[in-house]
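[1] fold the following and give me the result.
(one chain, ligands or ions: 1)
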Amino acid sequence: MSSDTTTPVRGARTRTARVPTKPHGQWLVDGTEPLNANEEFKAADDGLNVRARIEEVYAAGGFSSIDPTDLHGRFRWWGLYTQRKPGIDGGRTAQLEPHELEDEFFMLRVRVDGGQLTTAQLRVIGEISTAYARDTADLTDRQNIQLHWVRIEDVPEIWRRLEGVGLSTTEACGDVPRVVLGSPVAGIAADELIDPTPQIREIADRFIGDPTLANLPRKYKTAITGHPSQDVVHEINDCGFVAVEHPELGIGYDLWVGGALAAVPRLGERLGAFVAPERVADVWHGVTQIFRDYGYRRLRNKARLKFLLADWGPERFREVLETEYLDEPLPDGPPAPRPQGQGDHVGVHRQRDGRFYVGAAPLVGRVSGTTLTGLADLAEQHGSGRIRTTPYQKLLVLDVPEERVPSLVVGLDALGLSARPSLFRRGTIACTGIEFCKLAIVETKVNAAEAIRALEERLGALEPEIGRPITLHVNGCPNSCARIQVADIGLKGQLVTIDGAQVPGYQVHLGGGLAGVDREEAGLGRTVRGLKVPADGIADYAERVIRRYLADRADGE
Ligand code: SF4
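    Numbering: from 1, shown residues only. This is a model prediction of the structure:
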């Protein structure tokens with residue numbers, strides 16, 4: 001894919017020389033010679049191989065025995081990141097070397113494909129948290145559960161316990177296929193078009209931990225839903241499958257590729273192809289191999305699949321997929337279906353088998369090991385053996401008999417998991433932030449939780465008028481782990497100048513959103529230049545926006 005640039009040659013009036021631009025580092029075009037330090041360490045040794053060293057060397061030798069390239073590179077392939085040293089304020093994030101910000105403890109990410117957990121699995125995560133992670137646990141907006149304060153010495157035992165109940169941290173981070181997002185109501189919703197669980201399982205079983213896919217140019221995110229609310233934020237995933245009904249071929253999936261946020265956000269695009277359920281895993285494999293083989297590897301900040309899609313366009317992408325990676329072409333699909341209904345699944349809902357599922361909102365995804373263990377007990381006491389996590393940092397308890405629902409709701413409240421949350425609590429998510437993240441400039445979860453409480457107090461009486469959750473997404477740095485560009489109000493952590501002083505705060509993005517019940521299609525929010533919010537000013541700002549929205553909105557908006 002190298003292109004030529006025409007540049008004048010000195011001394012020649014009419015001649016031009018064609019100077020090739022630098023290669024993008026696409027394996028199938030430019031060769032596999034590593035072009036930067038990240039590519040070098042990945043080529044030198046498969047990230048998956050670090051597991052043996054953790055079990056055989058580092059767990060016994062302690063933090064100081066860890067090879068730095070493993071520590072800062074390959075550990076991610078098993079869901080491990082060093083966490084931020086406490087007490088370093090956000091103003092110093094950019095001034096210090098990464099190792100100066102780094103603690104000897106780890107964040108451990110447990111992948112939960114499709115967000116599907118049994119209560120036995122949830123209990124094990126809770127028990128690991130209390131035994132080895134200082135009772136920490138965060139529900140992420142990718143349906144994972146993250147623990148903190150983990151010591152390398154304890155990691156083998158944690159894996160043993162997780163794997164004993166069918167969970168893992170395999171490829172939870174790193175340049176690999178990350179957790180597969182799945183509809184939290186897969187297999188239970190009365191209005192579901194198709195249960196995507198078999199497709200999620202097949203992808204996870206066949207390809208997670210596959211060494212041939214363990215060196216991708218960057219992270220690679222997947223989302224699959226069979227629910228009409230399109231509840232898996234597929235527009236911002238590298239590869240998405242959204243249920244659709246084909247007039248002749250029945251129910252299958254609409255294929256999306258190339259979505260991702262971060263500093264250069266881009267919404268995914270439809271390839272216009274219909275994927276029958278039995279072909280999903282092979283099509284996913286084809287898209288993933290395109291990324292591996294043609295993805296850009298020279299510059300890390302240009303390596304996500306979205307950049308390749310931007311250059312190729314959906315037609316060429318589909319042609320390469322069909323001609324080079326699939327046994328036969330894909331049929332054309334019908335037009336994209338419009339999302340129906342609210343996709344966060346909070347509240348009490350009847351399942352198609354007559355039982356109920358109850359969606360509950362912790363505060364900004366923060367729970368604890370004790371809470372997770374308590375939730376497993378509570379669910380079982382109410383006849384349920386299944387829990388789901390959601391891409392909105394929420395939790396669902398499935399299969400509850402109707403007569404047990406009121407008691408479950410009361411029990412959830414007692415655990416700090418509200419099934420009747422305010423619109424503000426329901427619509428707010430926050431990334432890890434400065435408490436644990438080495439890249440963070442500002443606190444997120446505590447500030448967002450305080451903002452929720454303040455908004456409940458100040459605007460609670462206006463909730464009927466507001467009518468729907470106002471999405472407030474809070475990030476601790478310019479990355480977009482909390483999806484700031486697709487929120488009504490997105491707050492990006494950075495240093496801001498307030499009264500002449502540089503302090504940690506937030507840059508405001510306004511008006512983004514994913515397609516949904518009140519929005520025809522996804523759109524990226526607008527950066528409001530010059531509009532900065534101090535770290536303790538979230539509630540004041542959100543209140544002003546919401547009051548203004550109520551005063552100025554058009555009829556029916
Ligand atoms: Fe860390 Fe930034 Fe991601 Fe927040 S958005 S978790 S601060 S990298």
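[2] contact partners for the residue positioned nearest the centre of the chain?
    Taking Cα atoms, centre = their mean, the centroid of the chain lies closest to Arg142, which sits 3.6 Å from it. By Cβ atoms under 8 Å, 6 or more residues apart in numbering, the residues touching Arg142 are Arg178, Val179, Leu181, Lys221, Pro391. No exception for glycine: its C-beta is placed from N, CA and C like everyone else's.
[3] check Phe291 too.
    With Cβ under 8 Å, 6+ apart, Phe291 has these contacts: Leu216, Pro217, Tyr220, Asp238, Leu305, Leu308.
[4] how deep is the residue in the stretch 151-300 of the chain positioned nearest to the ligand tucked in, by neighbour count?
    Nearest residue of the stretch 151-300 of the chain to the ligand, counting by Cβ to the nearest ligand atom: Ala262, 9.0 Å away. Using other Cβ atoms under 10 Å, Ala262 is surrounded by 16 other residues.
[5] got it, and Pro198?
    15.
[6] grab the nearest non-local neighbour of it.
    Leaving aside its sequence neighbours, Pro198 sits nearest to Pro277 (Cβ to Cβ, 6 or more residues apart in numbering; 7.1 Å).
[7] what would the contacts of Arg142 look like in a markdown table with secondary structure, pLDDT and neighbour count?
    A markdown table is the format used below for these (DSSP: H, G, I helix; E, B strand; the rest coil; pLDDT from 0 to 100; neighbours: other Cβ atoms under 10 Å):
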| residue | secondary structure | pLDDT | neighbour count |
| --- | --- | --- | --- |
| Arg178 | strand | 98 | 24 |
| Val179 | strand | 98 | 27 |
| Leu181 | strand | 98 | 30 |
| Lys221 | strand | 98 | 23 |
| Pro391 | coil | 97 | 27 |
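[8] those residues: which ones sit near the ligand?
    Among the contacts of Arg142, no residue sits close to the ligand (Cβ under 6 Å from any ligand atom).
[9] could you dump these to JSON lines with distance to Pro198?
    Below are the contacts of Arg142 laid out as JSON lines (distance: Cβ to Cβ, whole Å):
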{"residue": "Arg178", "distance to Pro198": "20"}
{"residue": "Val179", "distance to Pro198": "17"}
{"residue": "Leu181", "distance to Pro198": "16"}
{"residue": "Lys221", "distance to Pro198": "20"}
{"residue": "Pro391", "distance to Pro198": "20"}
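[10] from those residues, which is closest to Arg160?
    Looking at the contacts of Arg142 and their distance to Arg160, the nearest is Val179, at 20.8 Å (Cβ to Cβ).
[11] show me what contacts the closest one?
    Going by Cβ under 8 Å, 6+ apart, Val179 touches Arg111, Val112, Asp113, Arg142, Gln143, Asn144, Ala172.
[12] just Gln507 next, same as before
    Counted by Cβ under 8 Å, 6+ apart, Gln507 has contacts Leu491, Lys492, Gln494, Val496, Thr527, Leu531, Lys532.
[13] still on that earlier bit, just the ones in strands from the contacts of Phe291, please.
    Tyr220 (DSSP state E).
[14] for Val283, state which of the contacts of Phe291 is nearest.
    Ranked by distance to Val283 (Cβ to Cβ), the contacts of Phe291 are led by Asp238 at 13.1 Å.
[15] may I have the phi/psi pair for that closest one?
    phi -70, psi -40 (degrees, to the nearest 10).
[16] which residues does it contact?
    220-222, 257-260, 268, 287, 291, 304-306.
[17] distance of Ser422 from Arg316?
    According to Cβ to Cβ, to the nearest Å, Ser422 stands 47 Å off from Arg316.
[18] ok, those two, which is more surrounded?
    Higher neighbour count among Ser422 and Arg316: Ser422, with 20 against 12, using other Cβ under 10 Å.
[19] which SS class is the closest residue to the more buried one other than its chain neighbours?
    Distances taken as Cβ to Cβ, 6+ apart place Glu456 nearest to Ser422, at 4.7 Å, with adjacent residues excluded. Following DSSP: H, G, I helix; E, B strand; the rest coil, the label given to Glu456 is helix.
[20] residues touching Glu456, list them.
    Ser422, Phe424, Arg425.
[21] in helices, which of these fall?
    Phe424, Arg425 (DSSP state H).
[22] which among the contacts of Glu456 gets closest to Ala186?
    Closest to Ala186, out of all of these and judged by Cβ to Cβ, is Arg425, at 24.7 Å.
[23] before we move on, the earlier item: neighbour-wise, which of the contacts of Asp238 leads?
    Among the contacts of Asp238, the one with the most neighbours (other Cβ under 10 Å) is Leu305, at 30 neighbours.
[24] gap between that one and Asp311?
    Distance, Leu305 to Asp311, using Cβ to Cβ: 11 Å.
[25] do Arg468 as well
    Distance, Arg468 to Asp311, using Cβ to Cβ: 37 Å.
[26] try Asn475
    Asn475 is 28 Å from Asp311, by Cβ to Cβ.
[27] of those two, which one has the most company?
    Neighbour totals were compared for Asn475 and Asp311, and Asn475 leads with 31 against 14 (other Cβ under 10 Å).
[28] give me the pLDDT value at the more buried one.
    With respect to pLDDT, Asn475 has a value of 96.
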